[in-house]
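Participant: sequence first, predicted model second:
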Amino acid sequence: MSGTMRRAVVIAPRKVEVQEIPIPSIKPDEVLVRVGACAICTWEQRIYAGQTKMYPFVGGHEVAGTAAQIGSDVEVVGLDVGDSVAVSALKICGQCYACRHGYTNMCDNMRSGYTEGQPMGPGGLAEYMVVPGYQVYEADPALSVEEASLAEPLSCVIRSIKKANITPGDYVVVIGGGFMGMLHLMLAKQRGAVVIVSEPDSVRLEKAGQLGADFLVNPVKEDFTGRVKEITNGQGAEVVIIAASVPRVVENAVSVAAKGGLVSCYSSFHPKDATVSLPVNLFHDREVTLTGSMSRTPEDFWESVAILSQKSVDLKPLISRTFPLERTGDAFEAAISLDTYRVIIMM
Ligand SMILES: [Zn+2]
Ligand SMILES: [Zn+2]
């Protein structure tokens, strides 16, 4: 396809430049996606804010749009030009140790393959994006492109919820009432759990209540451990999900796990090399499992697009604001503020 397109590049902390470049051409195994919407994730917010330094950076991995051009070798079932699609912008090499052991979510080569002289990053904050065919998933055309762009974060939470093996009647504690915490709340409720959300910000806590949380705990104003124990009849929770990046919450999380319970670190923590101290006999005496969840597999992404397309989950309440591409800087400013969940760029 000839012509030019615009993309938003973070060139320095809190500095975005909209650039005009030629529309890239595709190889036989690739698809050119005309981006309709791109949501801004925490990773990109950290780069924008200067916490993680990689410039120039063209972010955007929560992407939905339409298939504009399909390479001759692409054989994605049912995919035609013009179809609505969601993109799973995660490289799977299929050849490394992780891929061959069923952990494509942690492929050793997931971030390799960027072109010399080009900005780093997945590149979804642009009018067009080139991706390998296996990263493209057809979405229902009736699903709004904003919601379809959230298939990526939803798929990561699907993996997390599956790993936690939540069963009806379980008490589930979600630590952190941000966007990811709210997705965990919604999916845990679908699985029949009683959900307790812990969040220090009162506005976010109230929102968790509106979205179906059974119990709300403010860990700054209340004794977190005591309150969870009280709600769970002294036993603790079968599942504790950490959706907050503060390392010491791991200590709080294990303190409320029931016998045989599972604590999952969904978030990554800051700083990267943070450590915590835990009572080690917790594992022997109480058979508590401490684990985490990283990204998603193609199966999780498929499930995510399916439940969005079938409207069995409604993410509209979590879309806080939308901006046009030329206001990407304003969009990042809105995204890093505490009172937004997801901010989406509309092309
Ligand atoms: Zn994301
Ligand atoms: Zn791999």
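Facilitator: Ah, there it is. Ligands and ions are numbered 1, 2, ... in the order given.

Participant: any idea how far the closest residue to residue 15 other than its chain neighbours lies from ligand 1?
Facilitator: Distance criterion CB to CB, 6 or more residues apart in numbering; nearest residue to residue 15, sequence neighbours excluded, is residue 329 at 7.6 Å. Placement of C-beta: from N, CA and C, glycine included. Using CB to the ion, to the nearest Å, residue 329 is found at 20 Å from ligand 1.

Participant: pretty sure residue 329 is touching residue 16, no?
Facilitator: Yes - using CB atoms under 8 Å, residue 329 is in contact with residue 16, at 4.0 Å.

Participant: who in this structure is up against ligand 1?
Facilitator: Residues of the chain lying near ligand 1 by CB under 5 Å from the ion: 41, 153.

Participant: for the residue of the chain most remote from its centre, grab phi and psi.
Facilitator: Within the chain, the residue lying farthest from the chain centre (CA atoms, centre = their mean) is residue 285, at 33.9 Å. Main-chain torsions, residue 285, degrees, to the nearest 10: phi -70, psi -30.

Participant: which secondary structure elements does the worst-scoring helix or strand of the chain on mean pLDDT sit against?
Facilitator: Of all helical and strand segments in the chain, the minimum by mean pLDDT, DSSP states H and E falls on helix 42-49, at a mean of 93. Applying 3 or more CB pairs under 8 Å, 6 or more residues apart in numbering; DSSP states H and E, we find helix 42-49 packed against strand 4-12, helix 328-336.

Participant: now that helix against strand 4-12, angle please.
Facilitator: Helix 42-49 and strand 4-12 are oriented at 70 degrees to each other (axes from the mean of the first three to the mean of the last three CA atoms, to 10 degrees).

Participant: in helix 42-49, which residues are buried?
Facilitator: Residues 42, 44-48 are the ones in helix 42-49 that count as buried (16 or more other CB atoms under 10 Å).

Participant: now distance to ligand 2 too, for these, in TSV please.
Facilitator: TSV is the format used below for the buried residues of helix 42-49 (distance: CB to the ion, whole Å):
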residue	distance to ligand 2
42	24
44	23
45	27
46	24
47	24
48	28
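
Participant: which ones are touching whichever residue of the stretch 151-300 of the chain sits closest to ligand 2?
Facilitator: Scanning the stretch 151-300 of the chain for the residue nearest ligand 2 gives residue 297, at 11.7 Å (criterion: CB to the ion). Contacts for residue 297 (CB atoms under 8 Å, 6 or more residues apart in numbering) come out as 103-105, 159.

Participant: need the contact partners of the helix or strand containing residue 321.
Facilitator: Using DSSP states H and E, residue 321 sits within strand 319-324. Residues outside strand 319-324 that contact it (CB under 8 Å, 6+ apart) are 37, 146-147, 150, 330-331, 334, 339-347.

Participant: residues of the stretch 51-200 of the chain that sit close to ligand 2?
Facilitator: Checking the stretch 51-200 of the chain against ligand 2 by CB under 5 Å from the ion, the hits are 93, 96, 99, 107.

Participant: change it to 6 Å
Facilitator: For the stretch 51-200 of the chain, the residues in contact with ligand 2 (CB under 6 Å from the ion) are 92-93, 95-96, 98-99, 107-109.

Participant: ok, of the residues you listed, which come out buried?
Facilitator: Buried members of those, scored by 16+ other CB under 10 Å, are 92, 96, 98-99, 107.

Participant: any idea of the pLDDT on the closest residue to residue 124 other than its chain neighbours?
Facilitator: Leaving aside its chain neighbours, residue 124 sits nearest to residue 60 (2.6 Å; criterion: CB to CB, 6+ apart). At residue 60, the model reports a pLDDT of 96.

Participant: for residue 60, which residues are in contact?
Facilitator: Listed by CB under 8 Å, 6+ apart, the contact partners of residue 60 are 35, 38, 40, 44, 89, 121-126, 129, 345.

Participant: tell me the most buried of the helices and strands packed on helix 42-49?
Facilitator: Stretch with highest mean neighbour count among those: helix 328-336 (a mean of 21; mean count of other CB atoms under 10 Å).

Participant: what is the mean pLDDT for the strand holding residue 321?
Facilitator: Mean predicted confidence for strand 319-324 is 98.

Participant: torsion angles phi and psi at residue 85?
Facilitator: According to degrees, to the nearest 10, residue 85 has phi -140, psi 150.

Participant: pretty sure it sits against residue 34.
Facilitator: No - in this structure residue 85 lies outside contact range of residue 34 using CB under 8 Å: 9.3 Å.

Participant: need the residues touching each of those two.
Facilitator: Common contacts of residue 85 and residue 34 (CB under 8 Å, 6+ apart): 65-67.

Participant: make TSV out of these and add distance to residue 274, secondary structure and pLDDT.
Facilitator: TSV is the format used below for the shared contacts of residue 85 and residue 34 (distance: CB to CB, whole Å; DSSP: H, G, I helix; E, B strand; the rest coil; pLDDT from 0 to 100):
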residue	distance to residue 274	secondary structure	pLDDT
65	37	strand	98
66	42	strand	98
67	42	strand	98
